[in-house]
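Q: Dropping the sequence and predicted coords here.
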Amino acid sequence: MCGFCFVNSKNIEPSKFKETYLSSNIVRRGGDGDNFYHNNNLLFAHSLFSVTGREPMKQPLYDKDKYLLFNGEIYNYKELINKFSLQKDLSDTEVLFSLIKSIGFEDSLNEIFGAFAICYVDLTNDSVILARDAWGQKPLFYSADNEILVSSSFQLLEDFKGKNRSEADKNIFKLFGYSPFG
């Protein structure tokens, strides 16, 4: 499973962001590469686990003031390529980004079918939009106090926020890969 993180903060340096991300559990989800990108206070990271067998897609995808982080699979992306006359060799992530730019975020969600978590940043509207599939298969966590933190790992949010778990919770996390107690 892929994993991603987005941070909009004046308090986190890109090198510290990368170090924290690489030491988190999220990197083990990938296997096909980690990618980092920053633009001023916007910090992005993505760990890829490719299920389509294509050349690894580096994320975030971006175009001027729009950024997309995606974790999951869009099952009907080939049908969407035909329906919207898109380039034939696009990945499901590229199809989603093309749809969002052409028909908007909400209409794109109505077109896609799959298991996913999405973080879409649109600086023209000064917005961050998060979405998950109807079943909630892909994890998506966020914090928005003084800064915006989005991740597909709750542990990574804790790492950035500086909160520590109890030893019992850490042991449960090590055994099961998640902590049902926060």
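A: Received the coordinates, thanks.
Q: Show me the shaky parts of the chain.
A: For the chain, applying pLDDT under 70 flags the ranges 1, 28-32, 49-57, 163-166, 169-170, 173-174, 176-182.
Q: How about the contacts made by Phe17?
A: 7, 36, 38, 43, 45 (Cβ atoms under 8 Å, 6 or more residues apart in numbering). C-beta: built from backbone N, CA, C; applies to glycine.
Q: which one of the residues you listed is nearest Tyr142?
A: Tyr142 lies nearest to Val7 out of the contacts of Phe17, by Cβ to Cβ, at 10.5 Å.
Q: wait, isn't the closest one in contact with Ala144?
A: No - applying Cβ atoms under 8 Å as the test, Val7 and Ala144 come out as separate, 11.2 Å apart.
Q: From Ala144, how far out is Ile12?
A: Distance, Ile12 to Ala144, by Cβ to Cβ, to the nearest Å: 15 Å.
Q: Same drill for these two, tell me which one is more crowded.
A: When Ile12 and Ala144 are compared for neighbours, Ile12 comes out ahead with 17 against 10, by other Cβ atoms under 10 Å.
Q: Angles on the backbone of the more buried one, please.
A: Ile12 has phi and psi values of phi -110, psi 120 when expressed as degrees, to the nearest 10.
Q: quick one, what contacts it?
A: 43, 147, 160 are the contacts of Ile12 under Cβ under 8 Å, 6+ apart.
Q: Now with 7 Å, please.
A: 43, 160 (Cβ atoms under 7 Å, 6 or more residues apart in numbering).
Q: can you count the residues close to Asn40?
A: Residue neighbour count, defined by other Cβ under 10 Å, stands at 8 for Asn40.
Q: same question but for Ser98, I mixed them up
A: Ser98 - counted by other Cβ under 10 Å - has 19 other residues nearby.
Q: same deal with the one 3 residues further on?
A: With neighbours defined by other Cβ under 10 Å, the count for Lys101 comes to 16.
Q: my read is it is in a helix, agree?
A: Yes - assessed with DSSP: H, G, I helix; E, B strand; the rest coil, Lys101 lies in a helix.
Q: any idea which helix or strand carries Leu109?
A: Here Leu109 sits within helix 105-111, counting by DSSP states H and E.
Q: Now the element after that helix, going C-ward?
A: Following helix 105-111 in sequence, per DSSP H and E, is strand 114-122.
Q: who does that next one touch, helix- and strand-wise?
A: strand 3-8, strand 66-74, strand 127-132 (3 or more Cβ pairs under 7 Å, 6 or more residues apart in numbering; DSSP states H and E).
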